[in-house]
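> Test case, fold it:
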Amino acid sequence: MGDTELTEACARDLLAKAPEYDYLLTAEAKSISLIHEMARQAGDKKYFVARKGLKVYMTNPLDVEVKSITTAKVQHLYLSSEEADAMKGKRILIVDDVISTGKSLEALETLVREAGGIVCGRMAVLAEGDAVRRDDITFLEPLPLFTADGQPIAD
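Numbers count the residues shown, from 1 in each chain. The predicted structure follows:
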């Protein structure tokens, strides 16, 4: 995000709407500062980031494919076995900056299920397109869509 005041405000407002959870989870990279601030404000000692690249320290990682609207090709999201073990039986709140197609969200949900965790909520700062009408996500504001020539796309 890059704007500390905006990040602090978004974290505060998301936490006000958040269900009870044990851990926060996001995908690398744009939402890391957001869940860090959410964890800081909530007094959480730990949160999880699904990495986009396999790291040498990851033994027996969980791996899921994702094709997001913002990426040109299929990517992978990874959790280390230690992170997966910590999630087992825990309530996991998934957080993202923007939810559009929901593909990144689905990938994170798959990681949580494979780890034996329980998805207790899905949150984002913004939702766009069909995501605005979803009743299984909580977001702060809708993000309007525009055509290539700048015309608003009607709902």
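> So which residues of this structure form strands?
Taking DSSP state E as the test, the strands found in the chain are 23-27, 48-50, 62-66, 75-79, 91-99, 118-128, 138-143.
> quick one: which of those has the weakest pLDDT on average?
Here the lowest mean pLDDT among those goes to strand 62-66, at a mean of 87.
> which parts of it are buried?
For strand 62-66, a neighbour-count test (16 or more other CB atoms under 10 Å) marks 62, 64, 66 as buried. Glycine gets a C-beta too; all of them are placed from N, C-alpha and C.
> Help me confirm that the first one comes into contact with residue 112.
No. Because the distance of 9.5 Å does not satisfy CB atoms under 8 Å, residue 62 is recorded as not touching residue 112.
> mind listing the helices for this protein?
Listed in chain order, the helices of the chain (DSSP state H) span 4-17, 32-42, 81-87, 103-115.
> packing partners for the last one?
Applying 3 or more CB pairs under 8 Å, 6 or more residues apart in numbering; DSSP states H and E, one finds that helix 103-115 makes contact with strand 23-27, strand 48-50, strand 62-66, strand 75-79, helix 81-87, strand 91-99, strand 118-128.
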